[in-house]
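# A predicted structure for the sequence below; I have some questions about it.
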Amino acid sequence: MDPHTAEFGFELRTCRWAEREWPPGADPAGDSYAIVVARQLGTKRRRWDTIVLECDPVALRQRAAFGRERLDGDLRHVVRNAPAEWTYYRDALPHPGYPWRYVREAIHRAADRGILETRKNGTRIEIRRKWAYPDWLERIVAIENKPDLDASAARTLASQLEYDVAVGLADEVWVATETTGERVEPAIFEDLPVEAGILALAPDDLTAEVAWHPRSLAVDKPGTRILERPDGGERDDSAARFEYADPEWKIDKRLGIAERAYERGWRSFANTMRPDCRHFQLRARDATQALPYCAAMSRCQTAAECAGSCDEFEPEPPVWRTRGWPIEGGPGKRLQQLLADRRRRRRPGL
Ligand code: SF4
């Protein structure tokens, strides 16, 4: 099977496993935190395959009052600093470091979303909070999925994990690989940073064993972003280039990633695929999860393959949209709705 295809299906299984079982080895009856799982998120320089947010359950429920859409940086600046009593917005909010007109625009957006109260006092805009923005995020866990971790995949992955360890944006980084059933998982012998955990996942059974425990990274301390590293060849005596990542930047980035994860979850894969193609199906591999399936290729297709540029793409026949699905707009729309409903069920309070 094409390794990319295998990786995509494996990634979705990791997401589902994390949703059911995280943290590994924990008592399933205990629920000291709530979990939000998302995929393909991160920063401009580094995107993680799977993200697990460990959240305070009460605060996560309170977060739902702000709606299922993410709060971007400008909205967070407003709602996190909004006062309990009516106050002129420039007196209430710290200077954002950019012109106030952008803050006014964010205030109007927040009011339109119903998450902030506003009123006019003469020519002045006053604001008052509806709810305090809760401190819902506790930890961010990043997982890279490599079902088939051979030496060359490990080399590529090692430099990405070194970047993660140096910057310390996630609390933990892991590699999920398909279990081999051997007494010591071979992934242990690859040259990965010791700070990264290794998870041996059985994608069919949705069970996993920890082959190596990760170290917690210093998310509240300054980190370094590795911008460039020498290739290490004989003629290469250049130094690696670094950039400083200050703790304030990290706090804001972490919350930005968490907000995007909250909005997207991991079932949003259908949003970037073509469920309106007549060959698109969702197939339940077992009672726990529906995975995308392409009837034309007779296998699980990747998100990259399942795009408008796909040679096999055929729009679902108009009759599908009119007979039996007069409002929803055909089975493609129904599949998207089904995944959206499942995503919503994982957000308490929505
Ligand atoms: S034929 Fe192409 S567009 Fe249609 S479901 Fe398969 S991969 Fe997606």
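On my side now, so go ahead.

# look up phi and psi at the nearest residue to A38 once chain neighbours are set aside.
Spatial nearest neighbour of A38, chain neighbours left out: A261 (3.5 Å); criterion: Cβ to Cβ, 6 or more residues apart in numbering. For every residue, glycine as well, the C-beta is placed using N, CA and C. With angles defined as degrees, to the nearest 10, A261 sits at phi -60, psi -40.

# pLDDT value on A261, please?
Per-residue confidence at A261 stands at 96 (pLDDT).

# contact partners for it?
36-38, 41, 51, 53 (Cβ atoms under 8 Å, 6 or more residues apart in numbering).

# how about TSV for these, with secondary structure added?
As requested, these are arranged in TSV below (DSSP: H, G, I helix; E, B strand; the rest coil):
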residue	secondary structure
V36	strand
V37	strand
A38	strand
L41	strand
I51	strand
L53	strand
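
# reformat the residues you listed as JSON lines; add neighbour count and distance to the ligand.
Shown next, in JSON lines, are the contacts of A261 (neighbours: other Cβ atoms under 10 Å; distance: Cβ to the nearest ligand atom, whole Å):
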{"residue": "V36", "neighbour count": "25", "distance to the ligand": "27"}
{"residue": "V37", "neighbour count": "24", "distance to the ligand": "24"}
{"residue": "A38", "neighbour count": "24", "distance to the ligand": "22"}
{"residue": "L41", "neighbour count": "19", "distance to the ligand": "23"}
{"residue": "I51", "neighbour count": "26", "distance to the ligand": "25"}
{"residue": "L53", "neighbour count": "23", "distance to the ligand": "30"}
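
# so what's W131 closest to, chain neighbours aside?
A65 (5.0 Å).

# could you check the distance from the one you found over to L71?
Distance, A65 to L71, by Cβ to Cβ, to the nearest Å: 11 Å.

# what's the overlap in contacts for those two?
In terms of Cβ under 8 Å, 6+ apart, A65 and L71 are both contacted by the residues I115.

# of these two, who's got more company?
L71 (27 against 15; other Cβ atoms under 10 Å).

# look up the closest residue to the more buried one, ignoring the ones flanking it.
E259 (5.2 Å).

# could you pull up phi and psi at the one you found?
Here E259 shows phi and psi, under degrees, to the nearest 10, equal to phi -60, psi -40.

# all set, thanks.
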